[in-house]
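> only geometry, no sequence info:
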């Protein structure tokens, strides 16, 4: 009985989102996450993400917001003692056309990566930004 109620609630939420979208509105989920990437050099990071085609708005010399298509997707936070070689921060970007993103990345920044079809049902590629942050782009197969 509880499982059925959860399934009905989930279905109702999906229907609500589709109706809002059809009416030209925008459904806002209960939770939204943002990646916060550490950066050792903010000007270099800003230049890098702008070269990728993102919009970057700086709050101050040590913090910035990165957006695409009007949606904020990640933050940049300067960390003065960041060791780029040991930085393990990462973000996964689900996209509609991973090959288009791959071509755009390779033509705009010095990042070479192979697009691979993964056994878990994703077509993806990855590369590091100048601060050691791993960016993985993928789409469902």
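Ah, there it is. What you see is a predicted model, and the numbers here were worked out from it, not measured in a lab. Numbers count the residues shown, from 1 in each chain.
> Spatially central residue for this structure, please.
residue 93 (4.0 Å; Cα atoms, centre = their mean).
> Isn't it up against residue 73?
Yes. Using Cβ atoms under 8 Å, residue 93 makes contact with residue 73 at a distance of 7.5 Å. Where you see a C-beta, it was placed from the backbone N, CA and C, and this is true even at glycine.
> that older thread, are we agreed that the residue nearest to the centre of the chain is in a helix?
No. Assignment of residue 93 by DSSP: H, G, I helix; E, B strand; the rest coil gives strand, placing it outside any helix.
> show me what contacts the nearest residue to it once chain neighbours are set aside?
Nearest non-adjacent residue to residue 93, counting by Cβ to Cβ, 6 or more residues apart in numbering: residue 137, 4.8 Å away. Listed by Cβ atoms under 8 Å, 6 or more residues apart in numbering, the contact set of residue 137 reads 92, 93, 95, 98, 101, 102, 105, 124, 125, 126.
> Take these and keep only those in strands.
Residues of these located in strands (DSSP state E): 92, 93, 124, 125, 126.
> Now the buried members of the residues you listed.
93, 124, 125, 126 (16 or more other Cβ atoms under 10 Å).
> Report the beta-bridge partners for the second one.
Beta-bridge pairing for residue 124 (DSSP bridges): residue 116, residue 138.
> just checking, it touches residue 116?
Yes. In terms of Cβ under 8 Å, residue 124 counts as a neighbour of residue 116; the distance is 6.4 Å.
> Residue 60: which of the ones in strands among the contacts of residue 137 is nearest?
residue 93 (25.6 Å; Cβ to Cβ).
> isn't residue 91 right up against residue 135?
Yes. Using Cβ under 8 Å, residue 91 makes contact with residue 135 at a distance of 5.9 Å.
> Tell me which of those two has more neighbours.
For residue 91 versus residue 135, neighbours defined as other Cβ atoms under 10 Å are more numerous around residue 135 (23 against 18).
> Show me what counts as buried in the helix or strand the more buried one falls within.
Secondary structure from DSSP states H and E places residue 135 in strand 134-140. Buried positions in strand 134-140, judged by neighbour count with 16+ other Cβ under 10 Å: 135, 137, 138, 139.
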